[in-house]
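Asks: missing the sequence, but the structure's below:
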């Protein structure tokens with residue numbers, strides 16, 4: 001891969017500028033802070049170095065000071081606590097004296113954004129059996145599942161209506177660090193041990209792109225893991241469960257604390273026959289932490305591993321023209337009884353947080369992540385035939401990603417205004433290799449080698465313009481270099497096609513954010529923002545970037561988006577509410593054309609809608625919560641102008657209740673989730689029948705006595721026979737293939753703590 005010296009010098013120049021200019025401003029603001037002010041400044045809360053093994057900003061609910069780099073501002077959570085922000089690398093500071101602000105805080109994350117937090121308590125009580133279903137109770141979040149929904153394996157989470165490409169437009173973080181890889185697989189939430197999660201922070205919209213880079217188009221989901229710091233000398237928790245489809249699971253966690261040192265481990269294992277034929281799941285995951293914590297220095301090491309085997313059952317054929325409806329006659333059957341996907345992942349991340357001067361911290365972390373996947377696709381079984389088709393593909397891929405992300409966090413006063421600044425550098429180096437042949441063990445037809453390096457500098461600052469008014473702005477400049485090669489072996493068994501043309505690209509993109517929030521009184525506040533974000537194509541999209549009958553090129557344009565959003569928040573006693581409206585215009589949105597098996601840049605598209613969430617604590621024992629969203633995803637130009645983008649429901653809603661019937665001995669939880677119809681994949685013309693609207697109701701009884709705890713849950717109580725993904729035929733009107741999901745299921749779990 002060759003890149004010119006001129007481009008390299010230019011990239012180094014803007015990167016140095018992005019980092020050195022903020023440092024110069026630190027010196028100015030630091031000098032101002034040392035001067036005796038003519039009048040008292042608003043109080044500034046100075047804290048010791050905060051835990052780098054967490055998110056990068058403090059949530060708005062009260063808890064111990066922690067150092068985070070995250071985003072949102074106050075919003076209703078799903079119920080038990082005020083919602084938090086996915087904050088910055090600085091703790092939320094107390095509002096200046098005299099501030100009569102709703103919520104009483106300034107700088108609770110990225111100002112102007114709509115956000116939600118889901119706490120560990122809510123996760124533990126939720127009747128939902130998967131993290132994706134728990135997240136989907138957030139307004140505007142939709143789900144798509146192709147593989148039976150067992151433990152949520154491969155189920156995608158969609159923020160703000162991206163349909164089949166939701167995983168590439170939703171950025172997922174662990175402790176404020178990117179999980180999204182440069183391939184199309186996306187983040188599998190089922191590989192994260194549920195008991196290891198302290199909370200889930202969700203920020204809708206694209207403002208997170210300044211802090212985190214590409215993929216944050218629809219929003220950011222930050223999963224904050226527990227680490228055991230500050231706990232008892234030794235604590236152990238174990239749990240086991242059984243459920244429908246011969247599902248068996250086991251969870252084990254352990255933490256230790258000795259002086260400044262602490263360790264923790266969270267692991268789980270699950271096996272299930274699956275809802276459908278060829279739908280079995282066998283999975284193991286683990287997360288381990290080592291932490292060193294002192295007043296002036298905090299350091300950590302986090303290691304993760306996962307191993308998953310999953311059968312791919314394919315779709316159920318519906319074709320009225322020949323009288324076939326496998327959704328009715330053989331709902332749990334498999335069109336692809338031999339297809340499968342295996343995945344093995346491992347990662348190690350280490351870092352430290354060091355106080356440089358009063359109110360300033362240096363946070364440095366870096367890591368390595370490896371993911372290996374093997375998948376076999378043997379073609380769909382022809383209708384009424386017991387044998388698969390003769391088409392077959394075997395993929396063996398490996399992805400290795402290195403990263404280092406140093407940053408500076410400064411909290412001080414500038415010209416008498418409270419200020420928080422976060423600036424840093426992100427460097428990621430990813431190499432991808434995939435061998436694609438007819439069968440396992442034979443010579444590959446195509447060997448794809450892609451290498452991508454991204455180097456970015458960013459700056460984000462939040463100012464307290466008034467005791468009741470916060471303002472934030474930020475920018476990121478990111479350079480992406482890519483080299484892609486395809487080695488075609490025409491002598492390999494069943495070889496067909498041509499070698500893709502090589503690609504060497506060097507592109508610089510940018511992200512912007514500006515936000516404002518004003519608190520009218522202790523109850524009511526207004527917020528708004530505008531932002532620009534981008535998404536670079538994944539390696540899988542580049543590999544499939546041309547029709548199968550011509551040489552590939554790896555070339556796709558970078559997708560960009562421009563957002564505006566505004567809304568309000570209410571907090572009064574036990575009642576909380578957040579509501580916002582937004583508009584997102586996109587250029588060069590990347591989309592797959594199933595009929596021709598390649599990706600294209602779409603004509604301009606648009607997302608717009610509204611999202612509202614609310615919670616009400618009726619009494620000390622009863623909590624109500626709910627949300628509703630209107631989501632439109634439409635083509636702005638081209639032959640489909642005015643049509644809906646497939647796989648996006650216009651209306652979604654959720655509701656729930658938690659009733660502590662008898663202290664902690666008996667607790668009842670119920671949730672309902674509903675969604676409207678959506679167009680099928682491959683139906684940009686909007687001429688085929690739609691995926692039907694539906695709803696599910698989940699119930700759970702749980703309790704704890706002394707060190708023992710238990711739960712009994714029923715999901716999809718009314719046995720709704722639904723599906724949320726289907727693909728329409730390009731050639732036969734009315735013909736489609738649907739991917740059905742389970743009806744009523746149950747789960748019984750019990751465990752103990754020591």
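Replies: Right, received. Where do you want to start? Owing to the predicted nature of the structure, the values given are computational and were not obtained by experimental measurement. Residues are numbered from 1 along each chain as shown.
Asks: worst mean pLDDT across the helices and strands of the chain, which element?
Replies: Among the helices and strands of the chain, strand 93-94 carries the lowest confidence by mean pLDDT, DSSP states H and E, at a mean of 28.
Asks: which pLDDT value belongs to residue 540?
Replies: pLDDT for residue 540: 69.
Asks: nearest spatial neighbour of residue 446, skipping sequence neighbours?
Replies: residue 436 (4.5 Å; C-beta to C-beta, 6 or more residues apart in numbering). For glycine as for every other residue, the C-beta is placed from the backbone atoms N, C-alpha and C.
Asks: return the distance of the host helix or strand of the one you found from the chain's centre.
Replies: Per DSSP states H and E: residue 436 is located in strand 417-437. In terms of C-alpha atoms, centre = their mean, to the nearest Å, the centre of strand 417-437 is set 15 Å apart from its chain centre.
Asks: ok now whichever helix or strand comes after it, how far from the chain's centre?
Replies: The helix or strand immediately downstream of strand 417-437 is strand 446-466, counting by DSSP H and E. On the basis of C-alpha atoms, centre = their mean, strand 446-466 sits 16 Å off its chain's mean C-alpha point.
Asks: just to revisit the earlier point, counting contacts, what elements does the strand holding residue 436 pack onto?
Replies: Where contact means 3 or more C-beta pairs under 8 Å, 6 or more residues apart in numbering; DSSP states H and E, strand 417-437 is packed against helix 5-34, strand 393-404, strand 407-414, strand 446-466, helix 539-543.
Asks: state the mean pLDDT of the second one.
Replies: The average of the pLDDT scores along strand 393-404 is 94.
Asks: try the fourth one
Replies: Here the mean pLDDT over strand 446-466 is 94, rounded to a whole number.
Asks: same check, this time on stretch 242-249
Replies: pLDDT averaged over stretch 242-249 gives 95.
Asks: what lies in contact with it?
Replies: Residues from elsewhere that reach stretch 242-249 (C-beta atoms under 8 Å, 6 or more residues apart in numbering): 129, 150-151, 240-241, 268-275, 742, 745-749.
Asks: show the buried residues in these.
Replies: Neighbour counting by 16 or more other C-beta atoms under 10 Å classes 129, 150-151, 241, 268-272, 274-275, 742, 745, 747, 749 among the contacts of stretch 242-249 as buried.
Asks: return the subset of those lying in strands.
Replies: 241, 268-272, 745, 747, 749 (DSSP state E).
Asks: of those residues, closest to residue 209?
Replies: Taking C-beta to C-beta as the measure, residue 209 sits nearest to residue 268 out of those, at 32.2 Å.
Asks: from residue 252, how far out is the closest one?
Replies: Counting by C-beta to C-beta, to the nearest Å, the gap from residue 268 to residue 252 is 7 Å.
Asks: in what helix or strand does residue 658 lie?
Replies: strand 651-662.
Asks: what backbone torsions are found at residue 677?
Replies: When read as degrees, to the nearest 10, the backbone of residue 677 gives phi -70, psi 160.
Asks: surely it touches residue 688?
Replies: No: here residue 677 does not reach residue 688: they are 11.6 Å apart, not a contact under C-beta atoms under 8 Å.
Asks: and the two? Which one has more around it.
Replies: The residue with more neighbours, out of residue 677 and residue 688, is residue 688; 19 against 13, by other C-beta atoms under 10 Å.
Asks: quick check: chain neighbours aside, which residue is closest to the more buried one?
Replies: residue 728 (4.3 Å).
Asks: ok, the one you found - contacts?
Replies: Shown in contact with residue 728 (C-beta under 8 Å, 6+ apart): 680-683, 688, 735-736.
Asks: how many residues are close by residue 295?
Replies: 9.
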